[in-house]
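[1] Predicted model and sequence follow; I will ask about them next.
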Amino acid sequence: MGIKRVAGLIPAAGASSRMGLPKALLRLPHGAPLAGIQADTLRQAGCDPVKIILGANEREVRQALGDSEACVFNERWPQGRVSSIQAGLRAVYPFAGCVLLPVDTVGVQAATIRQMLEAVGLGVRSVRPYYRGERGLLCWISGELFDPIMALDDAAEEQARLDELLRPVECRLDVEDASVLNNINTPEAWAALCGGMEP
C-alpha cells in the first residue's frame, strides 16, 4: 500500500532581524504563539505529522511552545530557507504530499489548505494558491519532489532557486483567502495585521 499521509511544515528558522524578536513567538490577539497557531491550522486541515523548523532562537522557541516533538532543528539555518525546508522534509519523509506554510504567512484558513489538498489529482506535483492573480506564499508539494528538493545546493541558496524548481510544475488554485499573500516581516506590518483582527 502506498504512502497516503500529508505532512505539514512551518519554516521558522530565521533570525527575524527586521522584526526584532522571533516570529514564531509573536502573539495574536488570541494570545497563542504564532508558530503554534500555524501548526494547529495545518492539523485542522488534515496534515499529520506537522513540524516547526527552528534555527535561530531554538531554545527560546521550544520552551515557549512546550511541544518539542513538533520541532525540528536546522543546524544549517544561516544558509537560508532551502536548508530549512530540506531539514523539515527529511524529518517527515516519506509522505504523499507536504504543505509548506511559512510562519509569517499569517491568517491562512484551514479551509483554504483543505481546498489545496482537494485540488491534488493524478500527476499533480505542486499546488499553489493565488489570490486575485497574485501568487501565494504557501504551497503543497508531492512526495515525488523530495529528491529534487534535497538535491538543491543550499550553500548558494536564493529563494528563487526553489521557485525555479516549483514554478514549472505548479497547479494554480484561485482562492478567496487574501492571507495567502501575507509576509509579515516588521513590527509595523505585525501591528497593522493585529489591528485588523478582533481581540
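    Great, that's in hand. Numbers count the residues shown, from 1 in each chain.
[2] May I ask which helix or strand of the chain has the lowest mean pLDDT?
    The element with the least model confidence among the helices and strands of the chain, by mean pLDDT, DSSP states H and E, is helix 159-166, at a mean of 81.
[3] So which elements touch the next helix or strand after it?
    If you walk from helix 159-166 toward the C-terminus, the next helix or strand you reach (DSSP states H and E) is strand 170-174. Taking 3 or more C-beta pairs under 8 Å, 6 or more residues apart in numbering; DSSP states H and E as the contact definition, the neighbouring helices and strands of strand 170-174 are strand 126-131. Just so you know, the C-beta spots here come from the backbone N, C-alpha and C atoms, and that holds for glycine as well.
[4] Nearest residue to the middle of this structure?
    Closest residue to the average C-alpha location of the chain: residue 101 at 2.0 Å, with C-alpha atoms, centre = their mean.
[5] wait, it sits on residue 35?
    No - the pair residue 101 / residue 35 is not scored as a contact, 10.3 Å apart, by C-beta atoms under 8 Å.
[6] Can you pull the residues that touch both of the two?
    In the contact map built from C-beta atoms under 8 Å, 6 or more residues apart in numbering, the residues linked to both residue 101 and residue 35 are residue 10.
[7] before we move on, back to that, now for the residue nearest to the centre of the chain: which residues touch it?
    8-10, 38, 41-42, 108, 113, 138.
[8] Now with 10 Å, please.
    Taking C-beta atoms under 10 Å, 6 or more residues apart in numbering, we find residue 101 in contact with 8-12, 38-39, 41-42, 45, 47, 50, 108, 113, 137-140, 180.
[9] so how far is the least confident helix or strand of the chain off the chain centroid?
    Averaging C-alpha coordinates over helix 159-166 and over its chain gives two centres that are 15 Å apart (C-alpha atoms, centre = their mean, to the nearest Å).
[10] swap in stretch 64-75?
    The chain centre lies 15 Å from the centre of stretch 64-75; the measure is C-alpha atoms, centre = their mean.
[11] now that stretch: mean pLDDT?
    Within the predicted structure, the mean pLDDT of stretch 64-75 is 86.
[12] got the CA coordinates for that stretch in CSV?
    Written as CSV, here are the backbone C-alpha positions of stretch 64-75 (Å, rounded to 0.1, in the frame of the first residue of the first chain):
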residue,chain,number,x,y,z
ALA,A,64,7.6,28.8,24.7
LEU,A,65,5.8,26.2,22.5
GLY,A,66,6.2,23.4,25.1
ASP,A,67,6.0,20.9,22.3
SER,A,68,9.5,19.6,21.4
GLU,A,69,8.0,16.7,19.4
ALA,A,70,6.7,19.2,16.9
CYS,A,71,10.1,20.9,16.4
VAL,A,72,12.9,20.2,14.1
PHE,A,73,16.3,22.0,14.4
ASN,A,74,18.1,23.0,11.3
GLU,A,75,21.7,23.4,12.2
